[in-house]
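Q: what shape does this take:
(chains A and B)
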Amino acid sequence: MDDLIGQPLDRIDGRVKVTGRAVYAYEHDVPNAAYAVMVVSSIANGRIASMDTRAAEQAQGVLLVITHQNSLKVPGAQNQSKTSPPGHAVQALQDDVVYYANQPIGVVVAETFADAIAGAQLVQVTYAPQPPQMDLESRLADAYAPDKAGGGGDPAASHRGDVQAGMAEAKKSIDYVYRTPFEVHNPMEPHATIAVWNAPDRLTIYDATQGVFSDRGRVASVFGLPPENVRVISPYLGGGFGSKGPVWSHVILAAMAAKQAKRPVKLAVTRPQMFGMLGCRSETRQAIAMGAKSDGAITALRDDTVSHTSMFGEFVEAASLPARMLYQSPNNSTSQRLVRSNIGQPSYMRAPGEASGTYGLEAAMDEMAYALKMDPVEFRLKNYAETDPEENKPWSSKSLRECYLQGAKHFGWSKRPLEPRSMQDGNALIGWGMATSVYPTRRSVSNASARLNVDGTFSVDAGTQDLGTGTYTIMTQVAAEAFGVDAKQVRFRLGDTILPQTPVSGGSQTAASTGSAVHLASQALREKLIQMAIRDARSPLSGLGAQDVILNKGRLYARSNPARGETFRELILRSGQPHVEAKAEAKPGAEKDHYSMYAFGAQFAEARVDADLGQIKVSRMVGCFGAGRILNAKTARSQFLGGMIWGISMALYEYAAVDKRLGRWVNNNLAEYHVPVNADIGKIEAIWVDEKDDHVNPIGAKGIGEIGITGAAAAIANAVFHATGKRVRDLPITLDKVML
Amino acid sequence: MKPFSYFCPATVDEAIQGYGEAQETRFIGGGTNLLDLMKMGVERPAHLIDIGRLPLMKISPHGDGVRIGALISNTDAANHELIRTRYPVLTEAILAGASPQLRNMATMGGNLLQRTRCYYFYDPSYQECNKRTPGSGCAAIDGYNRIHAVLGQSPQCIAVHPSDMCVALTALDAVVQVKGPHGERSINMTEFHRLPGDTPQVETNLQSGELITAIDLPSIPYGKQSHYLKIRDRHSYAFALVSVAVVLDADEDGTMRHVRIALGGVAHKPWRATKAEKALTGEKADKKTLRAAAEEELADAHGYEHNSFKIELAKRAIVRAVTTVVGGQQNG
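A: Numbering: from 1, shown residues only, chains lettered A, B, ... in the order given. Sure, this is the predicted structure:
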């Protein structure tokens, strides 16, 4: 059983999901529940002049219509400085100000969902509108520098060496602006919350959340409750991608509505409403300049990124971060600035910073390689950073060179002609492009408990979340390996604040944080059980040293004599205890001070572009990653592929279309907001290099939720250039941008 | 969604009688579009007449052509032997649209009445839409209009008809059979949909209470020499930016005796490209002739901030689609 970790174990939760028995947030059966539907603003800036709720209040089944005029006042919701993070400032009907389109401005509570929808359509709103501010380019002069950038709290700007001198030293240089659009997470499962007040000061929330504990903490603070009075339950998620990390307005509104209606309340965000109040990936403007010597050595690199934040909070789409550390550029400068716009709060979206940033940087690297007439892989190897050039620290591990070489080999890169527009098949121009992937490895304090039950099975608990990515499965594997039992003998529970405290599932940190806690708790229980056996005169293992006991195939037995041993059931029955438990906390240590920790990868893409009609298809893609220990080959592969496919989306399809006059995103449904469908995906492969990292965390996993999308869009954009000879510098690359 | 009454008649006459004079009545077939619009609050019918059980579910030879019952599903029509063998361009067009799940539900009659996907029409929280609220204005003209019309639009409306099926039917000169309070009549496909003019809210020439009962396809001996080219932002489940249905009869030396071309994604109705057809009839399909014909067809085209690319794209699409058919990569 030693090798259970890493095995492509089928998802533990697969069967309940495909048979429809997995209960998602909105589906929990809560007696006497009423249904809430939000009314949202149709303007992006201004004030509510009036809200006429009479027709709605008289409509069939409607129990209550809440607006800013009759809302429960929750002072905690007003706790906003303009630099507070996503989800901190919520729009909970506390005043008449409209900051963005689709902002909640009312809640209709009714006996049925249909009644609530119908009632919401009857609320008449008049506004005192102001012109919305949503354009980036025309307001660059208004941009300001934030204090920090990125999930790791990095400085908003960085400088090393002398960029001007480096540029002067360059033989070739480039200087371009790269743009990425607004994107909206759109998990398949819309956000939903059920709020149940069990007592005036006790609240249970069934929520689609990536962080049951952060959810609990925020809700408790808004309603002035001790955190332990709030229980958050979230056993399954239909995707999140970061949008279910922060606590958005609808969660507060559900609890508020339940309080005011004196009924449990179910509230689901509708698909069109998801475009605004639940975070987004900000549009970015990345101005990148680079110089290199004729041998390909980069002499200078500058990346100045501007993105949006909301009028009431702050989030930096830290696209300049990869430019700080990815290449050995001696003269380097980066900056992040923000403009305030009439949009919902931009927030974390799968690989925040790196997804957008690796597009700009890696497209620029491609342009530089062409300027130098160098192979793009060779150019990157020439500037390979053996240590972190910004932090001056060694990498905890780095397999990027192997990723380049293995990925290139797998893809057949060596056959690539250097010249663009040199491969054609009928009407299709064919191009090959590549790019580097990178995502930081982080972890947070996490707890877990492990228990041997009286029937000889194991229970392992941690409050964490499974976004649909495999948390149930990998945690079960980590625990089962420690106990030497089949995965079926372990029951792992998650998604509940009555379980041990864990961090939010974001920043690719669940495997590293909670995986480590589960590992430590399981190891602690294992030690406890061994001690129980060897110290018990009635055990066949009595008197052995702990190191002489093997746990395998559901038994504890002597290393020297496998016949000498007993089952877990025999051990616990004899003890007379109902169960044996061990707990553990795993927290970041000094590793961050000594090492720079990242997962890396290399992506290779083939694009076929119709020479006349501009239609593009990614016919082939290979991603090769070095991401520490892979806990489950099957769920890992799915994670990598999912990221890469989202990269295809970012490159070719996805954008929230802006009507700047109205300050609204107009394509607010899944028919018009395009993400790839099966027909868009060609042959796609994710491979990885074996990477052992003893520094990052106790289980050596780097986290793989996000790295797959990084670099993917650039690899495709670079392939489109190689196919057509036309460089498009604003995503997505739709057919009109290449055909004309 | 507004509460509504529901009636499920057994005969066409019952359905027509049930419709009566009520302004707020809608026939519902597959419901793939109407239910969406009801959820959005664009359609707010007080009465629904479910025509799903009417005996309009046959595809059969009709004279030299074929008659398709109005309630045949898009899937069944596309895969029917009479359609696949005689009118493969219709099969291609239907299968290029929507998703298998939607095509299984959507009916032939209902597809004729698909409504535009103009963002500003589809969401009643936009105040301006002459199609939804006559006289309120058009938000698309100065808004985000990438998917909008370049041919035949008016200052009142620049929406496009979203159907793929209708583009093929237009090229095939299909005839729509309807029955209403005043009896039966036939409407040629090219006359079925309307350009927006000053009344974009009136999308077809159906009279109030008229029910589509069948679609007739005339005999076209060269029907196999055809192609439906759909150009869109992703490879499935996306509406056409531009589409072209071509059916033609070419000599062995490439001279085109008959040419039928219809365009989708460019106008408020499926756009029969009569100018291009005329320019190409009797000509050989060389690139220069094709390009000239396409130029002529699009000569009056007018684009907006985000959709001007459609004009050039439509020209290239015409050239490509005809070239594909003449080049022998056609259906059949």
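Q: and residue 219, what does it touch?
A: Defaulting to chain A. A:203, A:205, A:225, A:230, A:232, A:247, A:251-252, A:255 (C-beta atoms under 8 Å, 6 or more residues apart in numbering or on different chains). For every residue, glycine as well, the C-beta is placed using N, CA and C.
Q: should've been chain B
A: B:63-65.
Q: for residue 204, list each beta-bridge partner.
A: In the absence of a named chain, this looks at chain A. The residues paired with A:Thr204 through beta bridges, assigned by DSSP bridges, are A:Val196, A:Arg231.
Q: that was the other one, I meant chain B.
A: Listed beta-bridge partners, B:Thr204: B:His193 (assigned using DSSP bridges).
Q: how many neighbours does it have?
A: As a burial measure, the neighbour count of B:Thr204 was computed by other C-beta atoms under 10 Å in any protein chain shown and equals 18.
Q: contacting residues for it?
A: B:112-113, B:192-194.
Q: now, which of those sits nearest chain A?
A: B:Leu113 (17.5 Å; C-beta to the nearest C-beta).
Q: which non-adjacent residue is nearest the residue nearest the centre of chain B?
A: Centre of chain B computed as the mean C-alpha position; nearest residue by C-alpha atoms, centre = their mean is B:Cys166, 2.6 Å away. The shortest distance from B:Cys166 to any residue that is not its chain neighbour, by C-beta to C-beta, 6 or more residues apart in numbering or on different chains, is 4.6 Å, and that residue is B:Pro270.
Q: swap in B:His258?
A: For B:His258, ignoring the flanking residues on the chain, the nearest one in space by C-beta to C-beta, 6+ apart is B:Asp249 at 4.1 Å.
Q: neighbours around the closest residue to chain B within the stretch 301-450 of chain A, how many?
A: Of the stretch 301-450 of chain A, the residue with the smallest distance to chain B, taken as C-beta to the nearest C-beta, is A:Asn427 at 7.6 Å. For A:Asn427, the neighbour count with other C-beta under 10 Å is 15.
Q: so it versus B:Ser243, what's the distance?
A: Noted for A:Asn427: a distance of 17 Å to B:Ser243, by C-beta to C-beta, to the nearest Å.
Q: any idea of the pLDDT on the residue in the stretch 251-400 of chain A that chain B sits nearest to?
A: Closest residue of the stretch 251-400 of chain A to chain B, C-beta to the nearest C-beta: A:Pro272 (6.8 Å). pLDDT, the model's per-residue confidence, is 96 for A:Pro272.
Q: which residues sit in contact with the closest residue to it other than its chain neighbours?
A: Nearest-residue entry for A:Pro272: A:Asn668, 4.3 Å, with adjacent residues in sequence omitted and distances by C-beta to C-beta, 6+ apart. A:Asn668 makes contact with A:102, A:271-272, A:274-275, B:119, B:123 under the criterion C-beta under 8 Å, 6+ apart.
Q: could you export the residues you listed as CSV, including secondary structure and distance to A:Ala149?
A: Conversion of the contacts of A:Asn668 to CSV gives the following (DSSP: H, G, I helix; E, B strand; the rest coil; distance: C-beta to C-beta, whole Å):
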residue, secondary structure, distance to A:Ala149
A:Asn102, coil, 27
A:Arg271, coil, 31
A:Pro272, helix, 31
A:Met274, helix, 26
A:Phe275, coil, 25
B:Tyr119, helix, 34
B:Asp123, coil, 35
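Q: quick one: which of the residues you listed is nearest to B:Ala285?
A: B:Tyr119 (37.8 Å; C-beta to C-beta).
Q: just the element for B:Ala78, please.
A: Using DSSP states H and E, B:Ala78 sits in helix B:74-79.
Q: show me what the helix or strand following that helix is packed up against.
A: Downstream of helix B:74-79, the first helix or strand assigned by DSSP H and E is helix B:81-86. Under the contact definition 3 or more C-beta pairs under 8 Å, 6 or more residues apart in numbering or on different chains; DSSP states H and E, helix B:81-86 sits against strand B:59-62, strand B:65-69, helix B:88-95.
Q: what is the neighbour count of the residue of the stretch 51-200 of chain A found nearest chain B?
A: Closest approach of the stretch 51-200 of chain A to chain B (C-beta to the nearest C-beta) occurs at A:Gln121, with a separation of 4.9 Å. When neighbours are counted by other C-beta under 10 Å, A:Gln121 registers 20.
Q: am I right that it sits in a strand?
A: No - assessed by DSSP: H, G, I helix; E, B strand; the rest coil, A:Gln121 does not belong to a strand; its assignment is helix.
Q: can you count the residues close to A:Lys488?
A: Neighbourhood size, A:Lys488 [other C-beta under 10 Å]: 10.
Q: now do the one 4 residues further on
A: For A:Phe492, the number of neighbouring residues by other C-beta under 10 Å comes to 27.
Q: swap in B:Asn104?
A: B:Asn104 is surrounded by 14 other residues when neighbours are defined as other C-beta under 10 Å.
Q: helix/strand/coil for it?
A: Following three-state DSSP, we place B:Asn104 in the helix state.
Q: that one touches B:Ile72, doesn't it?
A: No - counting by C-beta atoms under 8 Å, B:Ile72 is not a contact partner of B:Asn104; they are 11.6 Å apart.
Q: leaving out sequence neighbours, find the closest residue to the residue of the stretch 501-650 of chain A found nearest chain B.
A: Proximity to chain B, evaluated over the stretch 501-650 of chain A using C-beta to the nearest C-beta, is greatest for A:Asp612 at 4.7 Å. The spatial neighbour of A:Asp612 that comes closest, neighbours along the chain excluded (C-beta to C-beta, 6+ apart), is B:Arg316 at 4.7 Å.
Q: ok, that neighbour - contacts?
A: B:Arg316 sits next to A:612-613, A:739, B:294 when contact means C-beta under 8 Å, 6+ apart.
Q: name the SS class of it, please.
A: The three-state assignment at B:Arg316 reads helix, by three-state DSSP.
Q: and if you look at the one 4 residues further on?
A: Going by three-state DSSP, the secondary structure assigned to B:Arg320 is helix.
Q: returning to what we had before: among the contacts of B:Ser219, the buried ones, what's the PyMOL command?
A: The following PyMOL line selects those of those that are buried, judged by 16 or more other C-beta atoms under 10 Å in any protein chain shown:
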select buried, chain B and resi 65
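Q: separation between the residue nearest to A:Asp612 and A:Ala679?
A: Using C-beta to C-beta, we find B:Arg316 at a distance of 22 Å from A:Ala679.
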